[in-house]
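*Asks:* I need the structure of the sequence given here:
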Amino acid sequence: MSEIKIKDLYAGKPDAKDEINFDGFDKFYKTFVVAEHFNLDSLTDGDCCFITGFKGTGKTALLFYLEELFKKKDDSTCTSFIFFKDNFAENKKGEFSSIVKRALSSVSVGQEALINSTEFEYIWRWVFLKQIVNDNNTFSRHLFVDNEYWRRFEKIVCQIVEPQNNRRFKIANSIKLATTFKDSGSGTEFKPELEVDLENSKSDDYSSFVNLVDEAEKALSYVKRTDIPYYVFVDELEAYYGDEQVFKRDLCMIRDLAFTVKRYNSFFRKLGFNNTKFICSIRDEILNAINHFIIPKEIGKAISGFEVPLTWNYANSNSHAHPIMQILLKRIEVCERDSNENYLDIYRRWFPEKVHDIEPANYILNNSWYKPRDMIRFLICAKNCMFNNNSAFTTNVIDSFTKVYSEESLTEIREELLALYTTEDIDMIISCFTGFKTSFSFAELKTRIKTLFSGTVLGTKMVPVLNDLYRLGFIGNYLPETKIYRWSYRGDDRLILSDDWRICVHHALYSALALGSRVNYEINKNKAPQKGDVVKAKVTCVKRHIALANFTYAGKQYEGSIKSSEFKQLDESYSSLEMRDYVHVGEEHRVTIIGYSDKHKTWSLKISDLDEESDS
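*Replies:* Numbers count the residues shown, from 1 in each chain. Below you'll find the predicted structure:
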């Protein structure tokens, strides 16, 4: 066993900005994992400029990793980050700028700013033009050739008055334009400021702002780039369904931000600005909300072909070699400075042969959503558990932090749902599944909603809510007959609503939602079997074309019947024999319930014998 304890392992932080801010870059880079199917070349050398993915898939982390790739390619590379949360400590900002050629900017939006506006492209164009001017000044005016064309562009951009701290943009209801006038007699210069109401797009003052942005872009087309590579990374802008007006405004801003990113990248390419690009991360759930709640302006078409989706689906899904497991193992390895072991050796030393009769990598992946943040959460919970002095992840260790891991996973899903629903709606949605069953039919869920939640969002928009929950990984599909699971994060696009398929709650949420086999038993014990349920049936009587069988469901015994054709499928040689020759009283079969016969008062059963292990 290793001398290193679980409490000594490097976990990092759930948010990449926090990890770099507090833990530094070194371990971040050493533990970063790039899955083989990620097409990073399309971002570094191609036309792609968007990184898309769900919350926790590593979009911000990839922005920082790309920065490192660019700098390794050319150490003169200058980079700039635009964040919409000013969560870098001021002392860290200075440290970052002194160590590497990086500038950090923050953009904030007032709660009541532009609340009635739906068009933001000119505002974003202004923000980006300001960013270019500020970055060039930050990097000693080495990004562009400092000639009359640059100075003209700079002068036009600076007519839009910015805050005193040019690294903190605050988008408000109005801005000020400053135009220089010179008295012909005295030669004295005046700079009167004109306040422009950005909510009144039909005013003459707003037209002046628009004309100034257009003029600045035209001036930019004449400037000349130097050979120094220059990249601007734009982190995701959030939107939460609280105040509906604010929510829709934020969605419009994100939509137009994406259009502006694409606009300037096209502009740079047209001008021949090599090694110059804006790269932006956008959450999938925000894109979905844009298509649901506002006029999307064909945002899907704008992003399609220019995005690198961050998905962690992998064919070798149950192995220690899965990229998600590599994140976990790399964070163990970085703490073992003298270790020359490969990842398989580390895996075997730190994990048991089985966790609750399941191979450990399979168990961990089944309790994740295939996101890097899941592994970081796993490590943080382990470091804080009561057995953190252990030198391996035994079953007891993992069990000790299952509850905390489950609750924190549910908290993250709640945060994702905030892009679609109010806090009150989310509470009702979570309550509906709390204390219910781990898997259930669509009919069962409809009955529960009709009985207990008819006046909620579940009662009025049940199917859309279920589709959203499926897309976020809260629920999946399970086919009892074949033991097949379907999850959106594994690439299964749609939720199936049918009698045969069950809806199942993600295993990692069981503890937070008070779910489990005991709860299932208590709920099912007074209910009859349903079509699609899989049970063990024991043959009690063999007739000419049918076998009668008993099965137990939730502690109660039922009678069923199996047709001879079901047995013939098990062995071709049975086709020439009498049924009594190959079916015997007392034998057991795994069967699927396919219906109920009122005439015979028995359940119709279908043989579904399988040897394969369930894989959730």
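*Asks:* now Glu285: how far from Glu408?
*Replies:* 18 Å (C-beta to C-beta, to the nearest Å). (Each C-beta comes from the backbone N, C-alpha and C, glycine too.)
*Asks:* show me where pLDDT drops low in the stretch 201-350 of the chain?
*Replies:* For the stretch 201-350 of the chain, the stretches with pLDDT under 70 are 315-318, 338-339.
*Asks:* what ranges do the strands span in it?
*Replies:* Counting by DSSP state E, counting those that start in this stretch, the stretch 201-350 of the chain has strands at residues 230-234, 276-283, 307-309.
*Asks:* of these, which is nearest Arg486?
*Replies:* Closest of those to Arg486 is strand 307-309, at 19.0 Å (criterion: C-beta to C-beta).
*Asks:* for the closest one, packing partners?
*Replies:* Other helices and strands packing on strand 307-309, by 3 or more C-beta pairs under 8 Å, 6 or more residues apart in numbering; DSSP states H and E, are strand 50-53.
*Asks:* ok, the strand it packs on: who's next to it in the sheet?
*Replies:* Here strand 50-53 is paired, per DSSP bridges, with strand 276-283 (parallel), strand 307-309 (parallel).
*Asks:* that strand: what's the following helix or strand?
*Replies:* Per DSSP states H and E, strand 50-53 leads on to helix 59-73 as the next helix or strand towards the C-terminus.
*Asks:* so what does that following helix touch, helix or strand wise?
*Replies:* helix 16-23, helix 25-31, helix 41-44, strand 50-53, strand 78-83, strand 230-234, strand 276-283.
*Asks:* make TSV out of the ones you listed and add distance to Glu353 and mean neighbour count.
*Replies:* Formatted as TSV, the helices and strands packed on helix 59-73 follow (distance: least, C-beta to C-beta, whole Å; neighbours: other C-beta atoms under 10 Å):
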stretch	distance to Glu353	mean neighbour count
helix 16-23	32	18
helix 25-31	26	16
helix 41-44	40	16
strand 50-53	34	24
strand 78-83	45	22
strand 230-234	43	24
strand 276-283	38	24
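*Asks:* could I get the ones you listed as TSV with distance to Thr482?
*Replies:* TSV is the format used below for the helices and strands packed on helix 59-73 (distance: least, C-beta to C-beta, whole Å):
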stretch	distance to Thr482
helix 16-23	39
helix 25-31	38
helix 41-44	37
strand 50-53	30
strand 78-83	47
strand 230-234	45
strand 276-283	34
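*Asks:* in this structure Leu417 contacts Met428, no?
*Replies:* No - applying C-beta atoms under 8 Å as the test, Leu417 and Met428 come out as separate, 11.2 Å apart.
*Asks:* looking at those two, which one has more neighbours?
*Replies:* Using other C-beta atoms under 10 Å, the more surrounded residue of Leu417 and Met428 is Leu417, with 23 against 19.
*Asks:* possible to save the strands paired with strand 50-53 as a markdown table with distance to Gly24?
*Replies:* Converted to a markdown table, the strands paired with strand 50-53 look like this (distance: least, C-beta to C-beta, whole Å):
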| stretch | distance to Gly24 |
| --- | --- |
| strand 276-283 | 22 |
| strand 307-309 | 26 |
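*Asks:* tell me which of the ones you listed sits nearest to Ala382.
*Replies:* strand 276-283 (27.3 Å).
*Asks:* what's next to the closest one, contact-wise?
*Replies:* 43, 49-55, 59-60, 62-63, 66, 128, 225, 229-236, 254, 257-258, 261, 264-265, 268, 303, 419 (C-beta atoms under 8 Å, 6 or more residues apart in numbering).
*Asks:* tell me the domain ranges of the protein?
*Replies:* The record's domain parsing of the chain by automatic domain parsing lists 1-35+312-414, 36-309, 421-524, 534-607.
*Asks:* tell me the mean pLDDT for the last one?
*Replies:* In this case it means domain 534-607. Domain 534-607 carries an average pLDDT of 85.
*Asks:* poorly predicted segments of the stretch 351-500 of the chain, please.
*Replies:* Using pLDDT under 70, the stretch 351-500 of the chain has no residue that qualifies.
*Asks:* wait, I meant the stretch 51-200 of the chain
*Replies:* 85-102, 162-169, 177-194.
*Asks:* which residues in it form strands?
*Replies:* 78-83, 102-109, 160-161, 168-171, 174-178, 181-182, 189-190, 193-197.
*Asks:* just the angle for the longest helix seen in the chain relative to strand 276-283, thanks.
*Replies:* The helix that spans the most residues within the chain, counting by DSSP state H, is helix 244-271. Here the directions of helix 244-271 and strand 276-283 differ by 150 degrees (axes from the mean of the first three to the mean of the last three C-alpha atoms, to 10 degrees).
*Asks:* distance of Cys381 relative to Phe393?
*Replies:* For Cys381, the distance to Phe393 - C-beta to C-beta - is 11 Å.
*Asks:* quick one: the strands of the stretch 201-350 of the chain as TSV, columns for distance to Phe22 too.
*Replies:* Putting the strands of the stretch 201-350 of the chain into TSV (distance: least, C-beta to C-beta, whole Å) gives the following:
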stretch	distance to Phe22
strand 230-234	20
strand 276-283	21
strand 307-309	27
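*Asks:* go through the ones you listed and name the closest to Lys450.
*Replies:* That would be strand 276-283 among the strands of the stretch 201-350 of the chain, by C-beta to C-beta, at 33.1 Å.
*Asks:* contact partners for Ala11?
*Replies:* Here Ala11 is in contact with 331, 376, 379-380, 383 (C-beta under 8 Å, 6+ apart).
*Asks:* and Ala393, what does it touch?
*Replies:* One correction, residue 393 is Phe, not Ala. 6, 350-352, 360, 382.
*Asks:* which of these fall within helices?
*Replies:* Per DSSP H, these map to helices at 350, 360, 382.
*Asks:* in space, what's closest to the first one - neighbours in sequence excluded?
*Replies:* When you say that, I think you mean Trp350. Counting by C-beta to C-beta, 6 or more residues apart in numbering, Trp350 lies nearest to Ala392, which is 5.3 Å off, once chain neighbours are set aside.
*Asks:* bridging residues for the nearest residue to Phe38 once chain neighbours are set aside?
*Replies:* Nearest non-adjacent residue to Phe38, counting by C-beta to C-beta, 6+ apart: Val308, 6.8 Å away. With DSSP bridges as the criterion, Val308 is bridged to Ile51.
*Asks:* use 15 as the first number from now on
*Replies:* Let's use 15 as the start, then, which means that last one is Val322.
*Asks:* isn't Val322 right up against Ser56?
*Replies:* Yes - here Val322 reaches Ser56: they are 6.0 Å apart, a contact under C-beta under 8 Å.
*Asks:* what residues do those two have in common as contacts?
*Replies:* Cys62.
*Asks:* dump the contacts of Phe407 to CSV, plus neighbour count and distance to Phe158.
*Replies:* Listed next are the contacts of Phe407 as CSV, based on neighbours: other C-beta atoms under 10 Å; distance: C-beta to C-beta, whole Å:
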residue, neighbour count, distance to Phe158
Ile20, 22, 52
Trp364, 22, 52
Phe365, 24, 54
Pro366, 16, 59
Pro374, 21, 54
Ala396, 22, 50
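*Asks:* list just the nearest of the residues you listed to Glu231.
*Replies:* Ala396 (52.1 Å).
*Asks:* check the residue nearest to that closest one when sequence neighbours are not counted and give its pLDDT.
*Replies:* Once flanking residues are discounted, Ala396 sits nearest to Ile20: 5.2 Å by C-beta to C-beta, 6+ apart. According to the prediction, Ile20 has pLDDT 95.
*Asks:* list only buried entries from the contacts of Ala25.
*Replies:* 345, 390, 393-394, 397 (16 or more other C-beta atoms under 10 Å).
*Asks:* can I get those in JSON lines with distance to Ile129?
*Replies:* Below are the buried ones among the contacts of Ala25 laid out as JSON lines (distance: C-beta to C-beta, whole Å):
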{"residue": "Arg345", "distance to Ile129": "44"}
{"residue": "Ile390", "distance to Ile129": "36"}
{"residue": "Leu393", "distance to Ile129": "42"}
{"residue": "Ile394", "distance to Ile129": "38"}
{"residue": "Lys397", "distance to Ile129": "43"}
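*Asks:* okay then, goodbye and thanks.
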